[in-house]
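S.K.: Need a 3D model of the sequence below.
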Amino acid sequence: MMRSQINTILREADAFIQSHGFALPPFAHWSPDALQAGDHAQINARRMGWDVTDYGGGDFERLGLVLFTLRNGTLAELRAGAGMVYAEKLLISQVDQLSPLHTHLVKSEDIINRGGGTLVVELFGSTPEGARDPDAPVTVVCDGIARRLPAGGKLRLEPGESVTLRPGDWHAFWAEGSACLIGEVSTVNDDETDNVFDAPLPRFATIDEDEAPWRLLVSDYPQFLS
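M.R.: Here you go, the predicted model:
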């Protein structure tokens, strides 16, 4: 992705989040220089902040996602079962913009439609070996109610509705009707090692630096916040 494209996407994402009455924490609005100069140790260590990905496909409008990690524990805390063992994110999915089929090795998560259009979640279960099961039905819990769907079934979540996904629940999602503001509440988030895609894909975008970053992405931190 071009850095100029990412900058435009982030400006639009910031405005979209504000339009839904959600206030981001102060560091969301810090320039790269301000983030570098400020007390960023925990932000860096916990990988909090902006994330834009096209999953290496080069077609963000078709295959992509915007994310902002508001809070996140560490793997050490999760292993110890003490401290911050949870995470929270905001995601933005555009109409028919696919977040591709994947599951998590460790993370359990609630995916919540916070506002906008209909959030469509395509679901599969797992084989005993952990691969996607193309045939077996899958059961998930939506706001305390168990829902059973056929393999590849599409769950439609209206604003305010949510689904709980556990390791082994394969899922893809996109917005229908209009863009969706999505909440994610989960156990500790580790995007480096915990995502397993049905078709192998990179989690982070490759960036062509055609202009200076407006905001740093989480994937920029090793370069800028070392």
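S.K.: CA atoms for contacts and neighbours, from now on please.
M.R.: Fine.
S.K.: for the protein, what spans make up the strands?
M.R.: Secondary structure of the chain (DSSP state E): strands at 49-53, 65-72, 86-93, 99-104, 109-126, 132-133, 138-142, 145-149, 153-157, 162-165, 170-187, 195-197.
S.K.: As TSV, those strands with mean pLDDT and distance to residue 12 would be great.
M.R.: TSV is the format used below for the strands of the chain (pLDDT from 0 to 100; distance: least, Cα to Cα, whole Å):
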stretch	mean pLDDT	distance to residue 12
strand 49-53	98	12
strand 65-72	98	10
strand 86-93	98	10
strand 99-104	98	19
strand 109-126	98	15
strand 132-133	98	35
strand 138-142	98	30
strand 145-149	98	35
strand 153-157	98	23
strand 162-165	98	25
strand 170-187	98	12
strand 195-197	96	26
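S.K.: so which of these gets nearest residue 4?
M.R.: With distances scored as Cα to Cα, the stretch of the strands of the chain nearest to residue 4 is strand 49-53 (12.3 Å).
S.K.: distance of the residue lying closest to residue 204 once chain neighbours are set aside from residue 169?
M.R.: Spatial nearest neighbour of residue 204, excluding adjacent residues (Cα to Cα, 6 or more residues apart in numbering): residue 53 at 5.4 Å. Separation of residue 53 from residue 169 (Cα to Cα, to the nearest Å) stands at 22 Å.
S.K.: so what does the helix ranked longest in the chain touch, helix or strand wise?
M.R.: In the chain, with assignment by DSSP state H, the single longest helix is helix 3-19. For helix 3-19, not one helix or strand is in contact under the criterion 3 or more Cα pairs under 8 Å, 6 or more residues apart in numbering; DSSP states H and E.
S.K.: For the closest residue in space to residue 86 that isn't next to it in sequence, give its distance to residue 193.
M.R.: Once flanking residues are discounted, residue 86 sits nearest to residue 187: 4.1 Å by Cα to Cα, 6+ apart. Distance, residue 187 to residue 193, using Cα to Cα: 14 Å.
S.K.: now what about the longest helix of the chain, what contacts it?
M.R.: The contact list for helix 3-19, computed with Cα atoms under 8 Å, 6 or more residues apart in numbering, reads 23, 52, 66, 92, 181, 207-215.
S.K.: quick check: angle from it to strand 49-53?
M.R.: On the basis of axes from the mean of the first three to the mean of the last three Cα atoms, to 10 degrees, helix 3-19 is oriented at 120 degrees to strand 49-53.
S.K.: how far does helix 3-19 sit from the chain's center?
M.R.: Its chain's C-alpha centre and that of helix 3-19 lie 15 Å apart, by Cα atoms, centre = their mean, to the nearest Å.
S.K.: pull the CA atoms of it into CSV?
M.R.: This file holds the C-alpha atoms of helix 3-19, laid out as CSV (Å, rounded to 0.1, in the frame of the first residue of the first chain):
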residue,chain,number,x,y,z
ARG,A,3,1.6,5.6,2.6
SER,A,4,-0.5,8.4,1.0
GLN,A,5,-3.4,5.9,0.7
ILE,A,6,-3.0,4.8,4.3
ASN,A,7,-3.0,8.5,5.4
THR,A,8,-6.2,9.1,3.6
ILE,A,9,-7.8,5.9,5.0
LEU,A,10,-6.8,6.9,8.6
ARG,A,11,-8.3,10.4,8.3
GLU,A,12,-11.5,8.9,7.0
ALA,A,13,-11.5,6.3,9.7
ASP,A,14,-11.0,8.9,12.4
ALA,A,15,-13.9,10.9,11.1
PHE,A,16,-16.1,7.8,10.8
ILE,A,17,-15.4,6.8,14.4
GLN,A,18,-16.2,10.3,15.6
SER,A,19,-19.5,10.3,13.6
